[in-house]
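K.L.:
Structure for the following, please:
(one chain, ligands or ions: 1)
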Amino acid sequence: MKERFLLDPGIVFLNHGSYGACPKPVFDVWQGWQREIERNPVLFLGRRSAPLLRQARERLAEYLGADTDELVFVPNATTGVNIVAKSLSLRPGDEVLTTDLEYGACSVTLEKVCAQAGAILVVAPVPLPFTRDGFVQAMVDAMTPRTRLLMMSHITSPTALRLPVEPVVAQARQRGIATLIDGAHAPGQIALALTSLGADYYTGNCHKWMCAPKGTAFLHARAEHHAGLQALVTSWGYAAPPGPSAWDNFIGQGLFERRMQWQGSRDLSGFLSVPSAIDFLAEHDWVRRCASCHEKAMALMHRVCARTGIAPIAADEYFVQMAPLPVPHQDGAALRARLFDTFRIEVPVTQHGNASRARSFVRVSVQPYTTDADLSALESALEQLLKPG
Ligand SMILES: Cc1ncc(COP(=O)(O)O)c(C=O)c1O
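P.N.:
Numbers count the residues shown, from 1 in each chain. Next comes the predicted model:
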């Protein structure tokens with residue numbers, strides 16, 4: 001499988017999680033769209049782009065268990081989170097709730113919108129070792145009549161935990177609290193059914209685990225929120241007359257599509273290549289291969305835990321294809337650099353918690369292109385680097 005990717009054969013690549021990796025056939029389709037755009041950019045962007053983007057969204061919606069009209073392309077999950085956060089009309093004293101397991105760029109987005117409005121960002125600590133009941137209880141306990149939005153990751157960045165978001169979404173809905181799921185790592189790792197999940201907003205990346213080109217992601221929003229969501233860039237979607245018109249082939253039809261998708265002239269080739277990534281996964285029996293990746297990730301985690309004497313932070317069912325290998329708490333940047341500089345292993349070292357409760361993890365990603373030799377290389381490098389004395 002590795003030969004189907006463009007990865008440097010001189011490195012052991014165990015960090016699919018940060019930016020993904022695009023297979024050669026999908027990359028070729030991406031370049032094909034770029035060439036097609038250049039044949040007549042005016043015709044393509046001005047008169048063909050909206051129906052083509054709609055077809056791509058239809059394929060993505062089918063893959064995600066979503067309604068095409070509730071889905072728009074955005075360049076990355078950070079943008080999805082920003083659109084929702086900046087569209088909230090927060091008032092002083094309102095609360096926005098999140099967990100202490102979030103991705104820094106998304107937490108800081110919430111901090112900024114809360115600070116601007118005089119609202120309060122409530123960060124609920126999720127108890128570790130992780131349990132479903134402990135997580136749900138922590139989130140429910142932190143909900144108040146002032147909570148306007150709850151944001152949580154579907155799969156967390158520093159700890160790689162697959163959060164059981166469904167019962168929390170249901171509890172929030174009962175209390176009239178809107179939910180935003182940061183699914184940056186979810187599509188391609190776990191099967192999604194966005195309509196039935198019932199979150200108010202869900203953003204996810206295609207460029208990570210779906211192996212689509214860089215700059216491809218989506219924002220899913222329930223229909224009742226479309227009018228209230230503001231694009232980060234105001235453009236023609238706000239000027240178009242309502243109803244069918246010549247604008248349809250340029251910026252699309254629905255309000256959500258028109259406002260969010262046309263963000264000025266930009267390269268749309270990545271979005272148009274998302275169906276080819278979905279095809280690639282299907283043609284290569286990805287779901288079955290990924291089940292074996294999970295097994296390998298868990299086996300490695302348990303071997304490393306046995307060696308370090310540090311217990312895993314959760315049972316295997318709360319991880320998918322990323323595993324946080326617990327190592328003694330240390331300078332994460334220094335460990336990452338040594339793994340790369342000395343062993344040519346690309347793998348992130350993440351951290352969670354403060355002071356005496358601070359923890360460090362080597363967050364390994366296992367994809368169908370990952371070989372047993374890659375995982376053994378990491379295991380023996382850690383053995384050497386973590387030797388006492
Ligand atoms: C949980 C989580 N959310 C959001 C992001 C941001 O993704 P992007 O850089 O594609 O916007 C990441 C990136 O790794 C992440 O791990």
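
K.L.:
alpha carbons only for contacts and neighbour counts from here, please
P.N.:
Fine.

K.L.:
Alpha carbons of stretch 248-261, as CSV, please.
P.N.:
Extracted C-alpha coordinates of stretch 248-261, given in CSV (Å, rounded to 0.1, in the frame of the first residue of the first chain):
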residue,chain,number,x,y,z
ASP,A,248,-27.1,29.1,-9.7
ASN,A,249,-24.2,27.8,-11.8
PHE,A,250,-21.8,30.3,-10.3
ILE,A,251,-22.5,30.3,-6.5
GLY,A,252,-25.2,27.6,-6.1
GLN,A,253,-28.8,27.6,-5.0
GLY,A,254,-29.5,27.4,-1.3
LEU,A,255,-28.7,30.2,1.2
PHE,A,256,-26.1,28.1,3.1
GLU,A,257,-24.4,27.0,-0.1
ARG,A,258,-24.3,30.5,-1.6
ARG,A,259,-23.0,32.2,1.5
MET,A,260,-20.4,29.6,2.5
GLN,A,261,-19.1,28.2,-0.7
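
K.L.:
neighbouring contacts of that stretch?
P.N.:
Outside of stretch 248-261, the residues that reach it under the criterion CA atoms under 8 Å, 6 or more residues apart in numbering are 45-51, 54, 69-74, 226-227, 229-231, 234-238, 243-244, 247, 262.

K.L.:
One more: stretch 77-92?
P.N.:
The contact list for stretch 77-92 (CA under 8 Å, 6+ apart) reads 74, 105-106, 109-110, 113-114, 117-120, 148, 180, 182-184, 201, 203-205, 217-219, 228-232.

K.L.:
re earlier: out of the contacts of stretch 248-261, which sit inside strands?
P.N.:
Counting by DSSP state E, the members of the contacts of stretch 248-261 that fall within strands are 71, 72, 73, 74.

K.L.:
any chance of these in CSV, with distance to the ligand too?
P.N.:
Compiled in CSV, the ones in strands among the contacts of stretch 248-261 are given as follows (distance: CA to the nearest ligand atom, whole Å):
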residue, distance to the ligand
71, 17
72, 15
73, 12
74, 9
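
K.L.:
among those, who's most crowded?
P.N.:
Most neighbours among the ones in strands among the contacts of stretch 248-261, by other CA atoms under 10 Å: residue 73, with 29 neighbours.

K.L.:
Give the closest residue to that residue in space, chain neighbours not counted.
P.N.:
Nearest residue to residue 73, sequence neighbours excluded (CA to CA, 6 or more residues apart in numbering): residue 218, at 4.4 Å.

K.L.:
Shouldn't the one you found be within a helix?
P.N.:
No. When the secondary structure is assigned by DSSP: H, G, I helix; E, B strand; the rest coil, residue 218 falls in strand instead of a helix.

K.L.:
can you pull the contacts of it?
P.N.:
For residue 218, counting by CA under 8 Å, 6+ apart, the contacting residues are 71, 72, 73, 74, 75, 76, 77, 80, 203, 204, 205, 206.

K.L.:
now it, which residues is it bridged with?
P.N.:
On the basis of DSSP bridges, residue 218 is bridged to residue 73, residue 204.

K.L.:
on that earlier part again, quick one: buried ones out of the contacts of stretch 77-92?
P.N.:
74, 106, 109-110, 113-114, 119-120, 148, 180, 182-184, 201, 203-205, 217-219, 229-232 (16 or more other CA atoms under 10 Å).
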